[in-house]
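Enquirer: Pasting the sequence and the predicted coordinates here, then a few questions.
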Amino acid sequence: MQQVDSTAVATALPSIATDLGGSPVTLHSIISVYLLSAGVFLPVSGWAADRFGGRRVFCWAIGIFTLASLLCAMSQSVPMLVAARALQGMAGAMMVPTARLILVRSVRRDELVPAMVMMSMPAVVGPTMGPLLGGFITTVSSWHWIFWINLPIGMAAIALTLLLVEKVPTQDRASFDTIGFLLSGLAIGAIILGLDSATRDFSQFSLIQVAVGLVLLVFYIAHARRNRDAILDLTLFRYPTFRASLTGGSLFRIAMGALPFMLPLLMQEVFHYTPLQSGAITFVSAIGAFGMRAIAKYILGRFGFRRVLLCNAVIAGASIALFATFTDQTAPAVMIVIILFGGFFRALQFTAVNSLAFAQTSEAEASHANALAQMAQRIAQSIGVAAAALLLRSFSGGEGALTDHAFEIAFLLVGLLAALSSVSFVRLPVGAGDELTGKRARPAD
């Protein structure tokens with residue numbers, strides 16, 4: 001619901017502009033305010049789940065997201081829609097991280113890999129399905145239905161959660177770290193908002209926003225070092241598996257964040273495909289990801305996390321570099337095969353990285369590890385989109401139409417970055433993550 005909603009809204013912006021009469025700059029605040037709100041409240045998810053219980057927080061988050069969707073659908077003006085989207089962002093920041101935390105605490109460690117595969121499916125399918133759904137809805141009906149359809153989905157999700165998900169025990173947490181929340185939340189929000197602004201207009205203002213976010217992040221790090229009960233526990237970086245997951249995973253996600261931005265743009269702006277044609281071709285990456293689902297645990301168990309992460313990063317990077325060979329004369333069947341092939345290996349890398357973050361963390365540390373991993377993921381994806389926009393703008397000669405030459409260079413550089421993420425996994429112990437595949441029991445906490 002969240003992944004599809006976020007990408008469908010971008011497709012529907014022209015229809016919203018026609019209906020509500022806002023300017024393009026004003027209307028983009030519908031997306032920006034969601035990103036800002038989600039970034040600010042993301043650090044709260046772990047504390048809230050520990051304090052009040054994961055299932056309860058998850059249900060409340062779904063409920064608030066659904067209510068915000070109702071308010072979005074009923075909006076009669078841009079300010080009202082912006083306010084409703086801010087509420088959606090707050091709920092979204094609590095919803096997905098809490099769901100992942102419930103999963104981590106509900107399955108055995110040796111079953112975490114296949115569980116993470118299932119957890120990653122919406123993240124793979126959402127960005128490819130959203131534009132298709134957004135374009136279809138705005139074509140046959142009105143943009144309001146992008147939000148109306150969330151109502152039955154949200155209510156069903158709450159009912160199924162209460163029926164199928166067991167209560168997750170609460171954890172002892174200190175009083176709420178207000179200073180840490182303000183510093184970390186505003187830092188994440190400013191960085192993501194600045195990067196989002198840079199994708200549209202790489203200006204001094206966007207750089208200032210990112211710089212302010214980085215300064216606040218430095219202040220948070222100093223605060224966390226003095227405070228044992230900081231809202232985000234930075235001592236988790238002492239674990240080699242967690243450290244490699246976040247550093248290597250972030251580099252890989254920067255590359256992956258660029259793809260949903262560049263591929264549709266190439267096909268629609270350079271090849272002059274319709275949004276439906278473009279979406280139908282890029283959607284096959286989700287099929288490749290689903291194909292990986294059945295054998296991910298076997299591959300990681302057979303070859304080990306370290307070897308898979310090292311080799312697969314290079315293979316996934318090469319699959320991205322192959323996109324540089326696409327021209328308007330390339331047969332769609334060839335593009336489909338390459339995208340399908342790449343989708344398999346990219347999903348395998350995501351699964352391994354997401355699982356590895358929890359290999360050495362204790363039960364009590366799971367919420368902190370989850371919040372930090374989600375924070376790194378959001379920032380990396382935003383960097384990827386901003387970097388892709390900057391590369392395309394630079395190699396197209398600044399202003400004017402995008403060129404196929406710019407896309408060739410951008411895909412090669414993005415593929416190289418994905419391959420270079422393998423360096424972060426070199427220092428992993430040979431048996432890193434074996435407890436996640438059942439090769440050995442996890443040591444007692």
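Expert: Received, thanks.
Enquirer: residue boundaries of the strands in the stretch 1-150 of the chain?
Expert: Taking DSSP state E, counting those that start in this stretch as the criterion, the stretch 1-150 of the chain carries no strands.
Enquirer: where does it have low pLDDT?
Expert: 11, 14, 22-28, 123-132, 134-135, 138 (pLDDT under 70).
Enquirer: show me where it has helices.
Expert: Secondary structure of the stretch 1-150 of the chain (DSSP state H, counting those that start in this stretch): helices at 2-20, 24-41, 44-52, 54-73, 78-106, 112-140, 145-148, 150-164.
Enquirer: List the contacts of the shortest one.
Expert: Applying Cβ atoms under 8 Å, 6 or more residues apart in numbering, the external contacts of helix 145-148 come out as 5, 8-9, 12, 69-70, 72-73, 133-134, 137-138. Placement of C-beta: from N, CA and C, glycine included.
Enquirer: Please spell out which residues along stretch 167-186 are buried.
Expert: Going by neighbour count (16 or more other Cβ atoms under 10 Å), the buried part of stretch 167-186 is 168, 171, 173, 177, 180-186.
Enquirer: want to try a markdown table for the residues you listed, with distance to residue 280 and secondary structure as columns?
Expert: Below are the buried residues of stretch 167-186 laid out as a markdown table (distance: Cβ to Cβ, whole Å; DSSP: H, G, I helix; E, B strand; the rest coil):
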| residue | distance to residue 280 | secondary structure |
| --- | --- | --- |
| 168 | 39 | coil |
| 171 | 45 | coil |
| 173 | 47 | coil |
| 177 | 47 | coil |
| 180 | 45 | helix |
| 181 | 43 | helix |
| 182 | 45 | helix |
| 183 | 44 | helix |
| 184 | 40 | helix |
| 185 | 39 | helix |
| 186 | 40 | helix |
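Enquirer: In a markdown table, list these along with distance to residue 350 and pLDDT.
Expert: Putting the buried residues of stretch 167-186 into a markdown table (distance: Cβ to Cβ, whole Å; pLDDT from 0 to 100) gives the following:
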| residue | distance to residue 350 | pLDDT |
| --- | --- | --- |
| 168 | 24 | 73 |
| 171 | 27 | 70 |
| 173 | 29 | 64 |
| 177 | 30 | 83 |
| 180 | 28 | 87 |
| 181 | 28 | 88 |
| 182 | 31 | 89 |
| 183 | 29 | 90 |
| 184 | 24 | 87 |
| 185 | 25 | 86 |
| 186 | 28 | 89 |
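Enquirer: Mind checking what secondary structure the residue located most distally from the centre of the chain has?
Expert: Note on the chain: the largest C-alpha distance from the chain mean falls to residue 329, namely 32.4 Å (Cα atoms, centre = their mean). Following DSSP: H, G, I helix; E, B strand; the rest coil, residue 329 is assigned to coil.
Enquirer: OK, contacts around it?
Expert: No contacts exist for residue 329 under Cβ under 8 Å, 6+ apart.
Enquirer: separation between it and residue 231?
Expert: Residue 329 sits 53 Å away from residue 231, going by Cβ to Cβ, to the nearest Å.
Enquirer: that older thread, what's the closest of the contacts of helix 145-148 to residue 285?
Expert: residue 133 (16.3 Å; Cβ to Cβ).
Enquirer: Any figure for the gap between the nearest residue to the closest one once chain neighbours are set aside and residue 73?
Expert: Distance criterion Cβ to Cβ, 6 or more residues apart in numbering; nearest residue to residue 133, sequence neighbours excluded, is residue 8 at 5.2 Å. The gap separating residue 8 from residue 73 is 13 Å, by Cβ to Cβ.
Enquirer: The two - which one has more neighbours?
Expert: residue 8 (25 against 19; other Cβ atoms under 10 Å).
Enquirer: Residue 149 versus the more buried one, what's the distance?
Expert: In terms of Cβ to Cβ, residue 8 sits 9 Å off from residue 149.
Enquirer: Can you give me every residue that contacts residue 237?
Expert: So residue 237 contacts 243, 246 (Cβ under 8 Å, 6+ apart).
Enquirer: any weak-confidence spans in the stretch 201-350 of the chain?
Expert: For the stretch 201-350 of the chain, the ranges with pLDDT under 70 are 275-276.
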